[in-house]
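*Asks:* 3D model of this:
(chains A, B and C)
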Amino acid sequence: MRRVSKITAACAVTAALALTATACGESSTGDSGSDNGDIKVGMAYDVGGRGDNSFNDSAARGLDKAKAELGVETKELTAKTGETPADREQRLSSLAEGGFNPVIGVGFAYKDAIDKVAAKYPKTTFGLVDSVSEAKNVDSIVFTEEQGSYLAGVAAALKSKDGKIGFIGGVDTPLIKKFAAGFQQGVKDTKPAASVTIQYLSTGTDFSGFGAPDKGKAAAKGMLDKGIDVIYAAAGGSGAGSIEAVAGKPGTWAIGVDSDQAKDPALSKYAGSILTSVVKNVDTGVYELVKSVKDGKPMTGTHTYSLAENGVSLTTTGGHVADIQAQLDAAKKKIVDGQIKVATTL
Amino acid sequence: MKKFDKERVLLAIAAPVLAIVAAFLITALVLAATGKEPFSAFGIMFDYGVKSDSQVYIINKATTYYLAGIAVAIGFRMNLFNIGVDGQYRLAAFFAAAVGGALTLPGIIQIPLIIVTAMIVGAMWAGVAGLLKTTRGVSEVVSTIMLNFIATAIIGYLLQPGRLGHLDAAGTKVATTPLPESSHFFEFPTTPTPIYGFVVVAAIAGIGYWFTLSRTRFGFDLRTVGQSETAASASGVNVKKMVVTSMLISGGMAGLIGMPTLLNDSYEFGGDFPVGIGFTGIAIALLGRNHPIGIALAAILWAFLERGGQQLEFENYDREIVGVMQGVIVLCVVIAYEVVRRYGVKRQQRQVGEKLAAQARSNDTTEVSA
Amino acid sequence: MAHRVFFATDSACVPALSSHAPCLGECVIKASSTSSPNAVELRGITKRFPGVVANHDIDITVRRGTVHALVGENGAGKSTLMKILYGMQKPDEGTITVDGEQVTFNSPGDAIVRGVGMVHQHFMLADNLTVLENVVLGSEKLYGIGDKARAKIKEISDAYGLGVRPDVLVEDLGVADRQRVEILKVLYRGARTLILDEPTAVLVPQEVDALFDNLRELKAEGLTVIFISHKLGEVLSVADEITVIRRGTTVGTADPKQTTTKQLAELMVGAELPSPETRESTVTDVPMLTVQDLSLSAVDPDGVVRAVLSGISFTIHKGEVLGIAGVEGNGQSELVDTIMGMRTADGGVVTLDGADISAAPTRKRREDGIGCIPEDRHRHGLLLEAPLWENRILGHVTEKPNSKGAILDLKAARRDTERIVREYDVRTPGIDVTAASLSGGNQQKLIVGREMSHDPKLLIAAHPTRGVDVGAQAQIWDQIREARREGLAVLLISADLDELIGLSDTLRVMYRGRLVADADPATITPEQLGSAMTGAAAGHLEHDESPESPAGAEGTDGPEDEAR
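*Replies:* Numbers count the residues shown, from 1 in each chain, chains lettered A, B, ... in the order given. Sure, this is the predicted structure:
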């Protein structure tokens, strides 16, 4: 009896497998939704999604702007931790299949997925933020984080009393290292004797450093204790902790990242300690892509949002950098003119 | 005798069915509480989950989950809580990807080489916990959690440009050298996406697990240790050796977890390689009651829920609802099994008692002089 | 006496032992104490309980101020009955009356409130706490945890001659002292009726006498004692009344003054008694197991290394049963573990059938022909959650019929399990039930059957009939005798002196990890053996006493008169 039931079970499972292997039945991607003129924008966020106070939110702002000004329909999906490339592919496919155009993948993790999906849906325009795809129906939206960070380095070097400057990176990814490299170069070019202490909150595939304000706070405190008086945190949500720590010690400065953190509702109380923020205008990239599709002239190819076109910039909220604005402008001009080449790796 | 067994089968099925029904009811309440209509949500999940491309997706996902469940289950059968499956498979996949990327051999040699590398790395990593337990008495729960962190740190250190990693063209993603075309595992050409050939390896692993545990001396010894360490050592099993051996096997199996992704999907280990599947494996082993077929069903259910969950998000439901559902299912299963198990034990004791009473009555007079 | 006077003057509800605390349940005891002369009455108690002998139609009347003995075979249902009386289990039918009032106990707490307390066979004391702390633990509300409690403990200890010192750590106490602490604990909580479950099982004869003095003291103070035992000599010496339980029901009462142990034993067993005796010798001069100068040390929980076995040497020949006597905890379990290879000896040589097995792992030793009936069958002999046929494989997984090479032979193993169940009379509905659902005796029969099925050269039998019903006991003895006739060597360890004397060809006494004395079972008495077990005697016991008092002549104390 027992054996028989086991065999039956085994047979049932095998049969089920065989059945699915032939992929019988209807496919969810059977009917291709043809668009009826209305623009439907599909957004696939990276882990954290809307509300991460950082990178994803910046993209979301661009989407919101497009919605308000262009009247487009939107759909937002978010990645989960533990996803495989196949999961991301699936997400983009379902958006493309649902007639969404453009479909935007936020974050470099979508690169491989977009390469594959873009080939399958040649009529759909895809957006890829922070990475570059070779496919011809993809608009690769990349930023010169190193340039913005260079300016932050210039500001930090000028504002620091004895040239001890800190950089807190969320995770030691290449992207964050771009921030670090530009920042360090900006400091060194301005004040060769100054030192930059670089610290990452987590490493490798452990992305917790992007969402741990407590770690950010602890790291910043450690730096402050060593006499560092300007700290630039490119650490996503963890940056808030760093800013809080800096605000606790008068005479020290924090530099924000991604959006104008002095205007962030949660951080505005520390605005007096936020020297400036390196803004990465993902929203601009997103908005421009949507608009181009709306206008019937979809953007493709690589679009680098650099300092020249204000793709990255420094904020002036609070006027803390008013006294050094001239030096900043000079540095900016040199970068734009190509006199200064900012390194992207340390 | 037949009837006896039929009831047992019924009992065995009762628990998971009870658990899943309860889980769906609770999830329905949660959905209702958030102001959504629950049954249409289940409808969406089901309709979408049985589509042909969903079936492919579910099988591919379940392949990974099944291996994770088996890896954890080996520990469970030994009464070892190998939380470190997560670190083991990541480290294993990382080194396997590095080895695979560095060589260009014919697939028939290179693919087995990659798989064996992964199994050895996973086994060694788990073996550290086994050795710590037997030589220093360190609980494997603590040591494997710590080893997860260390694995993360090792990967973080080595997955850097200039070490074992390479930066992509955009300078934003770092990954190991991609495997050569020859190292891509075969696929079943289904449309629109293929089924991973690694499902075959997973099936073989499942059969091997079942056969080893229930049909071999080694498996018997392993289960004995899991049920009673004292009885095992009295029966002649070297418990310490068994702890290390089973950790090695569990880790070796964990090494396979990353393989479907590596050999059938990503072909490289990058910053976006899936993390946390070891923990999913714990839930799946619990759900499948460490039984090879149970784990398969649990893995399929899990993949189905994730597939359905994607569609729920698409239909403007909160994306967290599937997580709630998965958590509730695991809880319900654990509770339902315990309830059914207790009922089963009581029922069996009653049967034995009845039998004894009947015998005692029939030979009350004769037996005394025995 | 002081509190009695106090009690008489205060006719309100203040019981003798808790003169300050307000009370609820105990008031009832006092209020009704004058109306009924009986402390406890059990009427028609029936308990259907899976796997063990059920209680049915139990009737017992316990008069106040007496020691009432409850006797019966192991497994007759005494312990279950007492658990019912103490509120640990609820009867399916029947009534419990305490001091004339019918009561229902849902928990031991209810029983305590009614003045019924229990001293368990296994002590429930925390070793690392003092006596005072152990006593007040859980009853802090009665007299606090300070001086008041200490005074109360002193008062109780003095009143009943218990001699308990409140500030000593329990771990420093001997078994007998611990037992007195348990008794005091129960009295402290206001018990007027004490249930003692097999209190003498852990004591040597001298300590038993001291315990009985304490019981007489309690009785003199008006307390009631219910005394559970299967040792008839002890029962006759201390009890005022005896109730006999057989197969779960009361079969009669006896007056100890007019009853002999033999009559009592026959009442208990219901027929002629089985006897452990083996008189015709089968001992050969071929050594089977030789243990030479074995020593073992262990680290105790406090981190102190101490010797648990030292200088152990003995030889067991083919066809010989070597019995080892000793109070439990003197190294017997460690000796078994070391011979089985579960512990590694510090020194010494173990030779089995001419081969040195000192370095062999347990599995090798088992394959070489050592069978073992472990002391604790639940921990060492069975997989409780596994079916019987898997339990049949346990310990012999490498041997036929259980496996062929590395692969299990399930069919053969199951078939052989059926055979064991049949031949060894294991009462079970089938071989797929779990071991846990069998009664203790049937579990033991399965173990004996399993160990005997591999033609052992040496059988280690540790307490082979402990917790086993009388039928199974006789069967197990028969099996040991049978195997011995066929040339098996047996190492027998038992706390049951009658079993030891009856079955053994040679006797050795173990005390503090050493074999301190030896004796000839044909001439030794349990008393002589008992005194050697306390370390009071050493050397060859026969020389000292046996010429004057051969055991056979002593009549009532001989093993054939005890209930085994």
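
*Asks:* Spatially nearest residue to C:A176 (excluding sequence neighbours)?
*Replies:* C:E207 (4.2 Å; C-beta to C-beta, 6 or more residues apart in numbering or on different chains). Glycine gets a C-beta too; all of them are placed from N, C-alpha and C.

*Asks:* Need phi/psi at that neighbour.
*Replies:* phi -70, psi -30 (degrees, to the nearest 10).

*Asks:* all strands of the chain, in order?
*Replies:* Reading this off chain A. A:40-45, A:73-78, A:103-106, A:126-129, A:138-143, A:164-171, A:195-202, A:230-234, A:253-258, A:274-280, A:301-305, A:312-314 (DSSP state E).

*Asks:* ah, I was thinking of chain B
*Replies:* Under DSSP E, chain B gives strands at B:166-167, B:174-175, B:187-188, B:195-196.

*Asks:* ok, now the stretch 51-200 of chain C?
*Replies:* Using DSSP state E, counting those that start in this stretch, the strands of the stretch 51-200 of chain C run over C:55-63, C:67-72, C:93-98, C:101-103, C:116-119, C:193-197.

*Asks:* Is the second one positioned near chain B?
*Replies:* In other words, strand C:67-72. No. Shown here: strand C:67-72 not in contact with chain B (C-beta under 8 Å from any C-beta of the partner chain), separated by at least 13.9 Å.

*Asks:* For that strand, name the packing helices and strands.
*Replies:* Using 3 or more C-beta pairs under 8 Å, 6 or more residues apart in numbering or on different chains; DSSP states H and E, the elements in contact with strand C:67-72 are strand C:55-63, helix C:78-85, helix C:205-220, strand C:224-229, helix C:232-238, strand C:241-246, helix C:261-269.

*Asks:* returning to that earlier point: would you turn the strands of chain B into JSON lines with distance to chain C and mean pLDDT?
*Replies:* Formatted as JSON lines, the strands of chain B follow (distance: least, C-beta to the nearest C-beta, whole Å; pLDDT from 0 to 100):
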{"stretch": "strand B:166-167", "distance to chain C": "46", "mean pLDDT": "82"}
{"stretch": "strand B:174-175", "distance to chain C": "42", "mean pLDDT": "86"}
{"stretch": "strand B:187-188", "distance to chain C": "33", "mean pLDDT": "90"}
{"stretch": "strand B:195-196", "distance to chain C": "32", "mean pLDDT": "92"}
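
*Asks:* Format those strands as TSV; extra columns: mean neighbour count and distance to B:W125.
*Replies:* Listed next are the strands of chain B as TSV, based on neighbours: other C-beta atoms under 10 Å in any protein chain shown; distance: least, C-beta to C-beta, whole Å:
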stretch	mean neighbour count	distance to B:W125
strand B:166-167	18	24
strand B:174-175	23	21
strand B:187-188	16	29
strand B:195-196	24	24
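
*Asks:* which residues in the stretch 51-200 of chain A form helices?
*Replies:* A:55-70, A:85-97, A:111-120, A:145-159, A:174-190 (DSSP state H, counting those that start in this stretch).

*Asks:* quick one: low-confidence ranges for the stretch 401-550 of chain C?
*Replies:* Low-confidence segments of the stretch 401-550 of chain C, defined by pLDDT under 70: C:467, C:469-471, C:536, C:542-550.

*Asks:* hey, where'd the strands end up in it?
*Replies:* C:403-404, C:407-408, C:458-462, C:489-493, C:506-511, C:514-519, C:539-540.

*Asks:* ok, is the helix or strand hosting C:E334 in contact with chain B or not?
*Replies:* Assigned by DSSP states H and E, C:E334 belongs to helix C:332-340. Yes. Interface with chain B: helix C:332-340 contributes C:M340 (C-beta under 8 Å from any C-beta).

*Asks:* what's the angle from that helix to strand C:489-493?
*Replies:* 150 degrees (axes from the mean of the first three to the mean of the last three C-alpha atoms, to 10 degrees).

*Asks:* For helix C:332-340, enumerate the helices and strands it packs against.
*Replies:* Using 3+ C-beta pairs under 8 Å, 6+ apart: helix C:332-340 touches strand C:287-299, strand C:305-317, helix C:362-367, strand C:370-373, strand C:458-462, strand C:489-493.
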